[in-house]
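Peer 1: After the sequence you'll find the predicted model.
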Amino acid sequence: MTGAVFAYGLAVTAIAVIAIAVLLTVVPMWRIFRRAGRPGWAAIVPIFSQYTLCEVVGRPVWWLIWLLIPYLNIVFWLIFAIDLARAFGRSTGFGVGMWLLPIIFVPILGYGSAPYLGPRAAGAGLDDRVRTSYATCPTCGRLPLPGERFCAQCGTAVGG
């Protein structure tokens, strides 16, 4: 009897820990996608979330194939994490932190005040001077896409 109770308690504890870990990464990714002008619910749909991540960081969609190859996907997740950090004006070190400790760094990015600068900010060779010279939304700080008249995040008129 005590063995069954112990196993049940261990299973409940494991499920609770996994649920907390998922909440600590999925909810901030929802916010990250919303700040990037994408649907937030994309964070909970398995393949669509990686597709949306490709759009947010400016990588081609066929890069999803690399994520399916064992061991090689580790390298490509690192590239995605660095590109995501750069798309929000963060450093490469922050991207490595998101790759190594997503439970800590993804909420920092999701709930932080760093504006979404767009996929062009994730490109190599952009220094901080160029990255901060984009005209961002005066209300929320998001970088409008070319031709946008209103900010997709807060609705403020940003020109066109």
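Peer 2: Happy to help now that I have it.
Peer 1: Tell me which residues touch Thr92, please.
Peer 2: Residues in contact with Thr92 (C-beta atoms under 8 Å, 6 or more residues apart in numbering) are 82, 85-86. In this view, the C-beta of every residue, glycine as well, is placed from N, C-alpha and C.
Peer 1: same thing but 7 Å
Peer 2: By C-beta atoms under 7 Å, 6 or more residues apart in numbering, the residues touching Thr92 are 82, 85.
Peer 1: Adjust the sequence numbering to begin at 33 for everything that follows.
Peer 2: All right, first residue 33 from here; so that's Thr124.
Peer 1: For Tyr103, see how far away Trp62 is.
Peer 2: Using C-beta to C-beta, to the nearest Å, one obtains 29 Å as the distance from Trp62 to Tyr103.
Peer 1: and what of Ile136?
Peer 2: For Ile136 relative to Tyr103 (C-beta to C-beta), the value is 24 Å.
Peer 1: in this protein, which helix has the most residues?
Peer 2: Secondary structure of the chain per DSSP state H: the longest helix is helix 34-67.
Peer 1: one step back: Ile136 and Tyr103: which is more packed in?
Peer 2: Higher neighbour count among Ile136 and Tyr103: Ile136, with 12 against 6, using other C-beta atoms under 10 Å.
Peer 1: Could you find the closest non-adjacent residue to the more buried one?
Peer 2: Gly129 (7.3 Å; C-beta to C-beta, 6 or more residues apart in numbering).
Peer 1: separation between that neighbour and Ser123?
Peer 2: 9 Å.
Peer 1: The two: which is more packed in?
Peer 2: Gly129 (19 against 12).
Peer 1: Please verify my assumption that that one contacts Val138.
Peer 2: No. Assessed by C-beta atoms under 7 Å, Gly129 is found out of contact with Val138, at 9.5 Å.
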